[in-house]
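In: Requesting a structural model of the entry that follows:
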Amino acid sequence: MNHGDHNASGTQRLRPDRALTEVELVWIEKRIEHWVRFGRIASERILSRRSRVVGFREGACIGFVQWSASDYGTVRSRIDILRCVGRAEAYTTVPFVRPGGELLLSIKGWPRVQRVLQAIDAVEAAGVDACDVAPDHWRHVHNRLTAGDAPRAYTPERHEAWLKRKAAGL
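Out: Got it, this is the predicted structure:
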């Protein structure tokens, strides 16, 4: 199933008939868990008792967690924070996300995934909805954790500055 066309740079562009970014959620207890940590769901389609597909509108920011285990423990964990793209925007593919999105953060390995979840908790504890955080903050968190450093806090003052930049179109 092809959701877009590839261009010379290897990125893809959405076909005109794509309106929502879809994320496949799976829950098989103690084996596979895919869940949305944050994001404003615009549509939902139940596939089975253990899986469903949720849709997000263009511009929405989502945090998507994937975890799987075997009899011997965790074998895969990952968190991606992405912005859902518009019809003509380039995007990066992410497993279980169709077609993909603008990748703001992608972290693998449970200890680092936990640190991202803590960063999301800290944003929410500061009174800011994680869906509304400046995209640059999630890039910052990605870069700092990748380098083994602690990310800076996202404060209400930083959020206010982001809202002013956004309103000014910067």
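In: Please make it C-alpha for all contacts and neighbour counts, starting now.
Out: OK.
In: Please identify the helix or strand for the most centrally placed residue in the chain.
Out: Residue closest to the average C-alpha location in the chain (Cα atoms, centre = their mean): I81, at 2.5 Å. I81 belongs to strand 73-83 when assigned by DSSP states H and E.
In: right, and the helix or strand after the longest helix along the chain?
Out: Taking DSSP state H as the criterion, the chain has its longest helix at helix 110-125. With elements assigned by DSSP H and E, the helix or strand that comes after helix 110-125 is helix 135-146.
In: Point out where the chain drops to low pLDDT.
Out: Residue ranges of the chain with pLDDT under 70: 1-18.
In: Test my guess that the residue nearest to the centre of the chain contacts L104.
Out: Yes. Counting by Cα atoms under 8 Å, L104 is a contact partner of I81 at 5.5 Å.
In: helices and strands around whichever helix or strand comes after the strand holding I81, which ones?
Out: Using DSSP H and E, the helix or strand that follows strand 73-83 in sequence is strand 90-94. Strand 90-94 makes packing contacts with strand 12-14, strand 97-108 when contacts are defined by 3 or more Cα pairs under 8 Å, 6 or more residues apart in numbering; DSSP states H and E.
In: And what about I46, helix, strand or coil?
Out: Here I46 is recorded as strand under DSSP: H, G, I helix; E, B strand; the rest coil.
In: Pull out the buried residues from stretch 97-109.
Out: 97-108 (16 or more other Cα atoms under 10 Å).
In: go on, stretch 66-76?
Out: Of all the residues in stretch 66-76, those buried under the rule 16+ other Cα under 10 Å are 66-68.
In: on that earlier part again, determine the angle, from 0 to 180 degrees, between the strand holding I81 and strand 90-94.
Out: Counting by axes from the mean of the first three to the mean of the last three Cα atoms, to 10 degrees, strand 73-83 points 170 degrees away from the direction of strand 90-94.
In: Run the angle between the helix or strand harbouring F64 and helix 135-146 for me.
Out: Assigned by DSSP H and E, F64 belongs to strand 61-70. Interaxial angle of strand 61-70 relative to helix 135-146 (the same axes, to 10 degrees): 30 degrees.
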